[in-house]
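In: What shape does this take:
(chains A and B)
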Amino acid sequence: MPDRAILGRFIRPMLALIVLVAIWQIILTVTGVPRYILPSPMAVGCALIEQRALLAHHAVITAIEIVAGLIGGILLGLATALALARFRALRRTLLPLLLISQAIPLFALAPILMLWLGYGLGPKILMAMVIIYFPVASTGYDGLRQTPQGWLDLAQTFGLNRRQRLLKVQLPAALPSLASGLRMAASAAPIGAVIGEWVGSSQGLGYLMLNANARLQIDLMFAALVVLVAFAVLLYFGVDAALRLAMPWQQDRVSADD
Amino acid sequence: MSPPGLLVRQASLTFGDRPLFHELQARFDAGSWTCLLGRSGSGKSSLLRMIASLKLPDNHHLDLETSDGAPLAGRLAWMAQQDLLVPWHRVVGNVMLGAHWRGRPTSTDRQRAKQLLAQVGLTDKADQWPGELSGGQRQRVALARTLFENASVVLMDEPFSAVDAITRLELHELASRLLSERTVIMVTHDPLEALRLADRILILQGDPARLVSIPAPEGARPRPLDNSELQRRQAELVTQLRETTDA
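Out: Residues are numbered from 1 along each chain as shown, chains lettered A, B, ... in the order given. From the prediction side, this is the model:
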């Protein structure tokens, strides 16, 4: 039974992928789009193999940015959520500010970060952090606020202080809500890093894509994109697996849903 | 651990503009089991929450005295209609939830939790997740968690109303045995439950409500169902409860 479940989980996405590649090839053959607009799947595959050293070098840079941004954004978002739940004064001042900050387009922020922090890894990590921070902070805070009253009653009769209540009751109760924020964050993190690289950099997959585009190496550009997508997928499943480990009591229910 | 008696005075509760009750007074004898009956919306659960000093949205006031003069906080256990098991601890962890939440449970805590699980007949479920238990089993874990607190005063808000009839009867026997020697106040809407378990029955009735005290039937708790007096008293009690809305 589990064998079949695993098979189903991997085979269906694979099939979808194969169908997608087939459609891609059919469009090429039928319409005769020039190679410099849309390369063939085969050409992209060749680029992936031939340029693997180059791709790997830039992929490592982007991976560092994404992971560092993810960790930083999650920690900062979680700290904000806890602080907001704990201090009323902070809620009144910081919450509206946090909402307003979401109206700032990230693309507009990127050049400013470059200006302040230069062209290194720093501003890219910061971009990824910024994009991750809000979903984590807001879903975390929502979860902390919506602790069922019954558990708070118990906490009170157990004689907990506010700090114990926050960390032992509200935080675990917020985990399911926080988990959806973390999954969102995982899929958004690569976007932040790549935006940072596009605005100004000398390394990373985003830089490689821009560079390849300028030189009309469209197959290399697509190859970089494929690596980036693979990152995003890996990251999502990695975070998902970590969340399952953190919430072992939900394991049965989750696999039953699959 | 000799349990204190409780004296409630000046208990008032206003729901919006409507006073539910006003300056009520009640005495709960040390080591006795009192059942608080009343129809939905009579304010019986609110009164219990007030005694436990739990959060209430409405305007309320209550003076509470204990027979030994010491504060009630710290020797009070709470059991609600929902089992309130937390999904992130296993069954044994839920029994010693108080120890988990106040810090880190010791091996003594764990031992005691296992003993309590044995007393409620769930030894083999200790390492399962609460989600794997039936409703009756979950409520038994909740009972074990309540006992773990080793509190001399136990407040229960319709603790057995969410389980099926047979399970409820079994829980009565279990609770009655395990909660002896404690001052128990239990809110219920089930007259039969009150007649089986209580040393004294209080009915919250009228508008605004008054507390009417009714002596419990003879015999040791939990009183058997086939007791003919129990059946007769149940009919009486139902009649009395129905009158309250007509008045």
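In: switch to C-alpha atoms for all contacts and neighbour counts from now on
Out: OK.
In: so where's chain A uncertain?
Out: A:1-6, A:251-258 (pLDDT under 70).
In: what residues does it put near chain B?
Out: Residues of chain A that fall close to chain B, judged by CA under 8 Å from any CA of the partner chain: A:150-151, A:153-160, A:164-165, A:168-169, A:172, A:247-249.
In: among those residues, which ones are buried?
Out: Neighbour-count burial (16 or more other CA atoms under 10 Å in any protein chain shown) applied to those gives A:150-151, A:153-160, A:164-165, A:168-169, A:172, A:247, A:249.
In: Inside helices: which ones of those?
Out: A:G150, A:W151, A:D153, A:L154, A:A155, A:Q156, A:T157, A:Q164, A:P172 (DSSP state H).
In: Look at B:A99 and say how many residues are nearby.
Out: 18 (other CA atoms under 10 Å in any protein chain shown).
In: Now do the same contact list for it.
Out: B:P105, B:D109 (CA atoms under 8 Å, 6 or more residues apart in numbering or on different chains).
In: That one: which element?
Out: Using DSSP states H and E, B:A99 sits within helix B:97-102.
In: so where's chain B uncertain?
Out: B:1, B:244-247.
In: Alpha carbons of the helix holding B:A99, as PDB, please.
Out: Extracted in PDB, the C-alpha atoms of helix B:97-102 (Å, rounded to 0.1, in the frame of the first residue of the first chain):
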ATOM      1  CA  LEU B  97      -0.100  18.700  30.700                       C
ATOM      2  CA  GLY B  98       0.200  21.000  33.700                       C
ATOM      3  CA  ALA B  99       3.700  19.800  34.300                       C
ATOM      4  CA  HIS B 100       4.600  20.300  30.600                       C
ATOM      5  CA  TRP B 101       3.200  23.800  30.500                       C
ATOM      6  CA  ARG B 102       4.700  24.900  33.800                       C
END
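In: quick one: which two of the ones in helices among the buried ones among the residues of chain A next to chain B are the most distant?
Out: A:T157 and A:P172 (18.7 Å; CA to CA).
In: Return the distance of stretch A:135-144 from the chain's centre.
Out: 16 Å (CA atoms, centre = their mean, to the nearest Å).
In: Name the residues of chain B found near chain A, please.
Out: Counting by CA under 8 Å from any CA, the residues of chain B near chain A are B:52, B:54-55, B:73-74, B:76-78, B:80, B:82, B:84, B:87-88, B:98, B:100-102, B:129, B:131, B:149.
In: So which residue is smack in the middle of chain B?
Out: B:M156 (1.8 Å; CA atoms, centre = their mean).
In: any idea which helix or strand comes after the helix holding B:A99?
Out: Next element after helix B:97-102 (DSSP H and E): helix B:107-119.
In: Now that next one: buried residues?
Out: B:D109, B:R110, B:R112, B:A113, B:K114, B:Q115, B:L116, B:L117.
In: secondary structure class for B:D63?
Out: Of the three states, B:D63 takes strand under DSSP: H, G, I helix; E, B strand; the rest coil.
In: Any figure for the gap between it and chain A?
Out: Separation of B:D63 from chain A (CA to the nearest CA, to the nearest Å): 18 Å.
In: what's the helix or strand for residue 177?
Out: Reading this off chain A. Counting by DSSP H and E, A:S177 is part of helix A:171-199.
In: The intended chain is chain B.
Out: helix B:165-178.
In: how big is the angle separating that helix from helix B:107-119?
Out: Put simply, helix B:165-178 runs at 130 degrees to helix B:107-119, going by axes from the mean of the first three to the mean of the last three CA atoms, to 10 degrees.
In: hmm, who's touching helix B:165-178?
Out: By CA under 8 Å, 6+ apart, helix B:165-178 touches B:V120, B:G136, B:R140, B:L143, B:L147, B:F160, B:S161, B:E193, B:L197, B:R221, B:P222.
In: ok, B:R182 to chain A distance?
Out: 16 Å.
In: scratch that, B:L147 is what I was asking about
Out: 12 Å.
In: Grab the longest helix from the chain for me.
Out: Let's take chain A. Under DSSP H, chain A gives helix A:52-86 as its longest helix.
In: actually it's chain B I care about, not the one you picked
Out: From DSSP H, the single longest helix across chain B is helix B:228-246.
In: Spell out, range by range, the strands that occur in chain B.
Out: Assignment of strands within chain B using DSSP state E yields the ranges B:6-15, B:18-28, B:33-37, B:59-66, B:76-79, B:153-157, B:183-188, B:200-206, B:209-215.
In: Relative to A:F10, which of those is closest?
Out: Per CA to CA, nearest to A:F10 of the strands of chain B: strand B:76-79, 46.4 Å.
In: Quick one: distance of the closest one to the chain centre.
Out: On CA atoms, centre = their mean, the centre of strand B:76-79 falls 8 Å from that of its chain.
In: and it, which strands flank it?
Out: strand B:153-157 (parallel) (DSSP bridges).
In: Can you list the neighbours in contact with the strand it pairs with?
Out: B:3-4, B:45, B:48, B:52, B:75-81, B:146, B:182-188.
In: Stretch A:81-91 now?
Out: A:L94, A:L95, A:V136, A:A137, A:S138, A:G140, A:Y141, A:L144, A:R145, A:R162, A:R163, A:L166.
In: and those residues, which two are the farthest apart?
Out: Across the contacts of stretch A:81-91 (CA to CA), the longest gap, 22.2 Å, separates A:V136 and A:R162.
In: which of these two has more neighbours?
Out: Neighbour tally, A:V136 and A:R162, criterion other CA under 10 Å: the higher count belongs to A:V136, 29 against 12.
In: any idea how far the more buried one lies from chain B?
Out: Relative to chain B, and taking CA to the nearest CA, A:V136 is found at 21 Å.
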